[in-house]
Structures are given as C-alpha cells and as structure tokens.
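Peer 1: would you be able to build a 3D model of this:
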Amino acid sequence: MSYNEKKVTIEMGGGLAPIELSTGKLAKQADGSVVLKQGATMLLATVVSSKEPKAGADFLPLSVDYQEKYAATGRIPGGFLRREARLSDYEVLISRLIDRALRPLFPETYHADTQVMVSLISADKEIMPDALAGLAASAAIAVSDIPFNGPISEVRVAKIEGELVINPTVSALEKASLEFIVAGSAQDIVMVEGEAKEISETEMVEAIAFAHEAIKKQVAGQIELANLVGSQEKRDFNHEPSNPELKEAIYAATYEKVYEVAKSKSSKHERTEKFAEIGQSFFETMGDEIDEDTEFLMKKYYHDVQYDAVRNLVLDEGIRLDGRDVRTVRPIWTEVDYLPAAHGSAVFTRGETQSLTSVTLGAKDDEQMIDGAFFHGYNKFILHYNFPGFSTGEVRPNRGPGRREVGHGNLAMRSLKQVLPTEDNPYTIRVVSDILESNGSSSMATVCAGTLALMDAGVKIAAPVSGIAMGLITDEKTGKYAILSDILGDEDHLGDMDFKVTGTEKGIVGCQMDLKINGLKWEVLTQALDQAKEARLHILGEMAKTISAPREDYKPHAPRIIQILIDKEFIGAVIGPGGKIIQEMQRETGATISIEEVDNKGVVQIFADNKEAIDAALARIKAIVAKPEIGEIYEGKVKSIMPFGAFVEIMPGKDGLLHISEIDWKRLETMDGVFKEGDMVTVKLLDVDKQGKMKLSRKVLLPRPPREDKPKQENKPQGE
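Peer 2: Residues are numbered from 1 along each chain as shown. Got it, this is the predicted structure:
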C-alpha cells in the first residue's frame with residue numbers, strides 16, 4: 001500500500017536530539033494522526049471528533065488517554081492477564097497534563113465528542129515521554145480539520161547545577177532543584193505543573209519564560225507540518241441556537257437580583273438556593289410551552305448572568321461572594337491527634353473546606369510497587385486523596401478515585417515529598433486525605449493537613465508546608481483585573497485562572513496553574529505569586545498555633561524500625577536456605593525483617609510495634625553476623641561427635657572443632673560417653689586458620705591438675 005508521508009524536524013539545540021514529526025503513514029482513518037520521534041522514543045497520537053455536536057451539550061466532551069505500551073521498553077506486563085489494562089495513575093497524570101493544555105484552546109462553541117489518544121510505542125530510557133505527549137497530541141489536531149486555536153506544546157524545564165535545561169534526561173533530572181511541565185501556544189502560557197526545592201518566585205517566573213521560548217520552536221514545527229499536508233478548511237462547528245431577545249430579557253429580569261445575592265455574603269448553599277429561585281421565577285414566566293432549544297438557551301443565558309454578575313462585583317467593588325476582599329484568606333482552625341489509633345492525624349478547616357488526614361508508618365514490605373512500562377520499582381511515600389459526594393452535599397456513588405482525585409493527590413504528594421527526611425527515614429509513609437467539606441481548593445487543604453499530620457506522627461520533616469489557591473478575574477475591554485487569594489469553588493468555575501502554589505517559609509515547593517484566557521502578562525503572574533506568598537505565610541502562622549515542629553518521638557503505639565548494616569557475605573546467612581532462617585526469626589520474635597543489598601552492604605530493617613520483639617530479632621541477627629574472636633569464651637552446642645572430637649556451634653551457623661585432646665587435661669582414649677549431641681559446653685576459641693576453621697578448647701578453662709612427682713630412690717652403698 002502506498003502512502004504520502006510528510007515530515008518535519010525540530011531542532012531544539014542544547015544537545016537535545018532533534019524531534020521528528022510525521023503524518024500520512026500510520027492510522028490514516030483518524031481525523032488526525034502524527035508520529036513523534038526523538039532518539040529511540042516514538043509516540044503515536046491520534047484525534048477523532050464527531051461531525052455533529054453532542055445533543056444538549058454546552059461544553060466540550062473531550063477525552064484524552066495517554067498509554068504506554070510495555071513492548072516499547074521490552075517488558076511484559078505484570079499481573080494475571082499479562083496485558084495492558086486500565087491506565088495507571090502515572091498514565092492518568094500525563095493524560096491530565098495533555099487535557100489541561102488542549103481544552104482551553106478549543107472554540108467555546110465547539111461541543112462535538114472528541115477523543116485524543118497518545119501511545120508510547122518505543123522508548124529511549126533517557127528521554128522522558130511525558131514532556132513530548134502534548135506536542136504529539138497538538139500536532140495530530142494541527143493536521144486535522146478539527147477547529148483549534150493552537151497549536152500548543154509542552155516542555156519540561158528544570159534547573160540543574162544552576163542552569164535552566166529543557167527536557168533533561170532521566171539521570172540528569174535527579175539533580176534538579178526545580179522541575180516544571182509548562183504548556184502554551186506561541187503567544188501564551190496555558191498550564192504549569194511541577195515541584196521545586198524551596199525556590200523563589202523570581203526563579204519560577206524565569207523558568208516559565210525559558211520554557212516558553214522552547215514551546216515557540218515546537219509550535220512553529222507543527223505549523224510547518226500542517227502546511228506540508230495542505231491547509232485544510234476547518235469544519236463548521238457553531239451549531240448552537242441563539243436568541244438575542246431571550247438573552248436580553250433574562251439579563252433585564254435577573255441581573256440586578258443576582259448581583260445583590262452575590263453581594264449578600266451568603267453561605268455556599270444559601271447562595272445556590274437563592275440563585276436557583278431567581279432563575280426559576282423567570283423560567284415560570286415563560287410558561288410550559290417551550291421547546292428544547294429555548295430551555296437550553298434559558299439555562300445558558302442565566303449561567304452567563306451569574307458569570308458576569310460575580311465577576312463585575314469583584315472588578316467594580318472589590319467584593320467577593322463571601323464578602324471578603326481579594327487578599328483575605330478565610331478563617332482557619334486546625335487540630336492534631338484527632339484519631340487516637342492512627343500514627344498521626346490532623347483536621348484542617350479553611351472556610352467551608354475541610355480535610356481529615358491520617359499518617360500511617362509502615363515497613364519496607366509496605367512499599368508501593370510501580371509496574372509501568374517506563375517507570376518500575378518501589379515507592380515509599382504514598383499520598384491518597386478522597387473526595388466523596390457528601391463533601392459538596394451531593395449524592396454520588398463511590399466508584400473509586402477518578403482522574404481529579406489522582407491529580408489533586410499527586411500535587412499534594414509532590415509538595416510534601418520535598419520536605420520528607422531522606423537519610424534518616426526507614427519508614428514507608430502513607431498519607432490519606434479525606435475531604436469532608438469542599439468549597440475551594442481541597443488539594444491545598446490536603447497539603448496543610450498532611451503537614452500537620454506528619455508532624456503529629458513525629459516524622460522529621462525539614463519544614464512545614466502550606467498551600468494556597470489563587471484566582472484571576474479580568475476584563476479585556478477595560479483592562480481591569482483582580483487577583484484573588486484563597487478562591488471559592490464558584491470563583492474557580494467563574495474565574496480565568498486557577499493557580500495553586502505550595503511552599504515553606506523559605507520558598508516554593510510545588511505549583512499547578514491552569515489559564516482560561518489569552519494574554520496573561522508576566523507582571524500579573526509575578527503579582528499573583530507575591531500575593532500567594534503572603535497568603536502561604538499567613539496559613540503557616542495559623543498552623544503553627546496548633547503544632548509548629550515534629551514531635552520529638554513517634555506515638556507509643558506507632559511501630560518502630562531499626563536499621564543496621566551487615567557485611568555482604570552474611571546476607572545469605574541471615575536469610576537462610578529458602579528463607580528458612582529469616583522466616584523462623586520473624587515467626588518466633590513477632591518482628592518483620594527485611595534485607596537488601598545496597599552498595600555492597602546488607603541493609604537490614606527490623607520492624608515491630610514493641611521493643612521486645614525488635615531486641616529479640618536484633619540479638620539473633622547480631623549473633624549470625626558476629627565474627628568469632630580469638631581468645632573469646634563461648635557457650636556452644638555440640639552439633640556432632642566424631643572419633644577425634646566434637647564439632648561445637650559457638651554462633652549460629654559457625655562450628656569449631658573441639659579436638660579430643662582439648663576436652664580435658666586427662667587423656668581420653670575414646671569419645672564414648674563424653675558428650676551427646678545437643679549438650680552445651682563452654683569453650684575458648686584458640687585459633688582460626690586461613691580456611692576459616694576454628695580450633696576450640698575446653699580444657700584451658702578447667703583447673704589444671706597438679707603434677708604428680710615420682711618418689712626419689714635412695715642411694716644405698718654397694719655391697720650392703
């Protein structure tokens with residue numbers, strides 16, 4: 001079969017391998033299909049969109065799936081089925097990054113079902129594919145006839161040894177002091193997410209600006225590819241009905257009423273009910289005979305009324321829905337040690353948002369196994385975020401965590417990870433945040449509650465971390481804008497930016513930003529970061545009123561772990577044949593014991609919830625790994641009896657020969673009746689030869705009998 005493949009190459013510079021975009025060879029029945037290649041890494045991105053809009057939809061029904069094929073890295077999937085299954089959390093997070101970058105760039109009135117799929121089909125172990133997935137997805141849209149206000153692209157920016165780097169290798173990234181995924185078009189930034197090691201606001205802005213320059217190159221490459229394919233006329237998409245007279249009537253009848261409710265400082269539920277009553281009152285004036293299009297438009301236009309009223313209240317009067325000014329953080333109360341049986345716990349409440357968070361300390365066996373195509377190994381810090389329906393007063397079945405929960409939990413995890421102890425932490429740590437109330441930024445409540453719970457558990461974090469969600473409302477006509485600290489749920493929905501920032505007193509450790517407008521000025525971003533810092537420090541001060549530093553010790557009921565290093569040669573002796581020795585020690589002492597080789601040493605962890613179990617296991621391990629010392633006295637057990645002596649075990653697995661001549665000072669002709677197997681005997685180690693064979697003696701510990709003098713013979717004179 002013939003094909004008409006088109007290719008472009010993007011030179012990124014900085015020692016990076018060129019990026020090749022091609023289309024026309026694979027997946028040609030999709031509306032758009034592109035293969036991205038850099039080094040040995042290859043991504044296949046496809047996009048398909050329905051020709052007709054989804055009935056009754058006033059939003060874009062967009063689904064984005066990123067999946068890594070195990071064959072791409074030469075691996076076979078784990079599990080019973082041995083095939084790719086549901087997306088892993090890592091794949092969900094990459095899907096979200098792509099989605100958040102693409103979604104704002106589709107026209108507001110485009111409501112057709114659209115599916116973007118990106119697959120890792122070949123992998124270079126040093127090139128991270130997540131930073132390339134957004135580029136591949138956008139390129140697939142660029143060569144299609146789907147309307148899109150792009151192209152966009154995503155890059156990873158990191159600071160390594162003081163230098164900003166685009167898309168660093170996996171090994172180089174380990175040294176990074178900041179790491180962000182930044183997405184944008186040639187003109188604007190639309191999304192940022194990442195983590196850092198207590199950096200300044202200035203450093204963050206510099207990193208985003210540096211990333212934007214690389215994005216511009218990748219956008220230019222997509223435009224070149226689209227031109228090679230041939231300029232496709234974008235499909236007609238504006239199928240929404242309109243009724244200017246109805247819109248004007250709804251505004252005239254409801255705007256002032258909605259504005260007054262927005263200004264009334266009502267609670268979330270009171271405000272929702274009052275808004276609903278105003279809308280219902282107008283809808284009733286329309287009578288029962290209205291068609292589906294009219295009903296659709298009534299709901300849409302009334303939503304527009306609320307959108308404009310709330311935004312104008314902030315821009316014109318500086319008043320927000322709950323009566324605050326733009327900088328004020330809602331009232332905060334906190335409590336630690338709320339759950340008596342947990343290893344650590346905290347309640348963090350800010351306004352109408354509340355998190356109950358617990359900390360559990362586990363052993364090495366509790367580590368999370370990561371079995372992905374690109375990343376696989378173990379993770380010893382786990383954070384789970386749960387968002388039940390009752391937290392917003394809704395009836396919603398519990399079907400497990402969705403993509404939102406995975407994303408929010410990941411942001412909190414990345415933030416708290418920056419302050420966890422590294423060298424002195426033997427525990428596997430699991431943090432669980434259960435959101436009990438939600439009206440704005442429950443992920444930031446998770447960061448704050450997680451910090452408090454870790455300190456309550458006695459985990460020696462480097463510094464407390466707090467988080468704040470910032471919002472933005474702009475008016476392009478007048479140029480007015482307002483930056484909002486600690487946004488409500490409605491302000492998130494009706495605003496132009498959701499910017500979450502986490503950090504310690506010293507600097508930023510995590511961020512997540514999504515923009516819904518074009519043309520965010522750098523000075524506005526800088527102002528938002530400075531205002532966020534003010535709010536973060538305020539929250540840290542409120543948290544410190546409850547607990548300001550980790551507890552000196554773990555809770556009495558928390559498990560204890562001790563860690564010792566042993567010589568590599570003793571690892572097998574501790575484990576025993578088929579695990580016999582270590583299993584026996586665990587069974588008899590009640591402790592959990594793990595051992596692994598690290599840097600030619602055996603790292604042994606002993607885990608138990610009581611000191612006696614740890615001491616018993618430690619004593620037995622020390623006995624196994626102890627080296628016999630010449631001249632020391634040991635209490636040994638007779639293991640076997642030979643004609644020439646007995647073999648005595650003076651340490652677990654260490655036998656020495658007690659020769660028949662070293663048993664007693666008197667001469668023994670035979671071993672019969674001297675010992676029987678299992679007898680305990682005290683011996684002294686006399687020597688260890690070059691082969692490690694030990695020479696023992698019992699008689700040197702016994703009193704030496706006096707020498708018997710022979711009687712002297714008298715000298716008699718001869719002849720007597």
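Peer 1: where do the strands of the stretch 51-200 of the chain begin and end?
Peer 2: With strands called from DSSP state E, counting those that start in this stretch, the stretch 51-200 of the chain shows them at 62-68, 112-122, 153-160, 163-166, 176-184, 189-199.
Peer 1: quick check: end-to-end length of stretch 599-619?
Peer 2: End-to-end distance of stretch 599-619: 24 Å, with C-alpha to C-alpha, to the nearest Å as the criterion.
Peer 1: can you tell me how far residue 226 sits from residue 316?
Peer 2: 43 Å (C-beta to C-beta, to the nearest Å). From N, CA and C alone the C-beta is placed, and that goes for glycine too.
Peer 1: tell me which of those two has more neighbours.
Peer 2: Neighbour count, other C-beta atoms under 10 Å: between residue 226 and residue 316, residue 226 has more, with 21 against 13.
Peer 1: mean confidence for the biggest helix by length in the chain?
Peer 2: In terms of residue count, the longest helix belonging to the chain (DSSP state H) is helix 201-229. Here helix 201-229 scores 95 as its mean pLDDT.
Peer 1: what's the spacing between that helix and its chain's center?
Peer 2: Put simply, helix 201-229 sits 27 Å off its chain's centre (C-alpha atoms, centre = their mean, to the nearest Å).
Peer 1: angle of that helix against strand 176-184?
Peer 2: With axes from the mean of the first three to the mean of the last three C-alpha atoms, to 10 degrees defining the directions, helix 201-229 sits at 40 degrees from strand 176-184.
Peer 1: the stretch 251-400 of the chain: strands as residue ranges?
Peer 2: Secondary structure of the stretch 251-400 of the chain (DSSP E, counting those that start in this stretch): strands at 332-336, 344-350, 353-362, 368-371, 376-379, 381-386.
Peer 1: can you get me a residue count around residue 598?
Peer 2: For residue 598, using other C-beta under 10 Å, the count is 9.
Peer 1: find me the pLDDT at it, would you?
Peer 2: As predicted, residue 598 sits at a pLDDT of 86.
Peer 1: what do you get for the one 3 residues further on?
Peer 2: What the model reports for residue 601 is a pLDDT of 89.
Peer 1: if it is in a bridge, with which residues?
Peer 2: Beta-bridge partners recorded for residue 601 (DSSP bridges): residue 567, residue 598.
Peer 1: report how many residues lie close to it.
Peer 2: Residues near residue 601, counting by other C-beta under 10 Å, number 13.
Peer 1: just the one 5 residues further on next, same as before
Peer 2: Taking other C-beta under 10 Å as the neighbour definition, residue 606 ends up with a count of 27.
Peer 1: ok, now the one 3 residues further on?
Peer 2: By the other C-beta under 10 Å criterion, the neighbourhood of residue 609 contains 14 residues.
Peer 1: related to what we said a few turns ago, could the strands of the stretch 251-400 of the chain be laid out in TSV, adding mean neighbour count, distance to residue 176 and mean pLDDT?
Peer 2: Output for the strands of the stretch 251-400 of the chain, formatted as TSV (neighbours: other C-beta atoms under 10 Å; distance: least, C-beta to C-beta, whole Å; pLDDT from 0 to 100):
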stretch	mean neighbour count	distance to residue 176	mean pLDDT
strand 332-336	18	32	97
strand 344-350	26	29	97
strand 353-362	24	27	96
strand 368-371	12	20	84
strand 376-379	11	18	84
strand 381-386	20	18	96
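Peer 1: quick one, which of these gets closest to residue 16.
Peer 2: Closest approach to residue 16 among the strands of the stretch 251-400 of the chain (C-beta to C-beta): strand 376-379, 25.2 Å.
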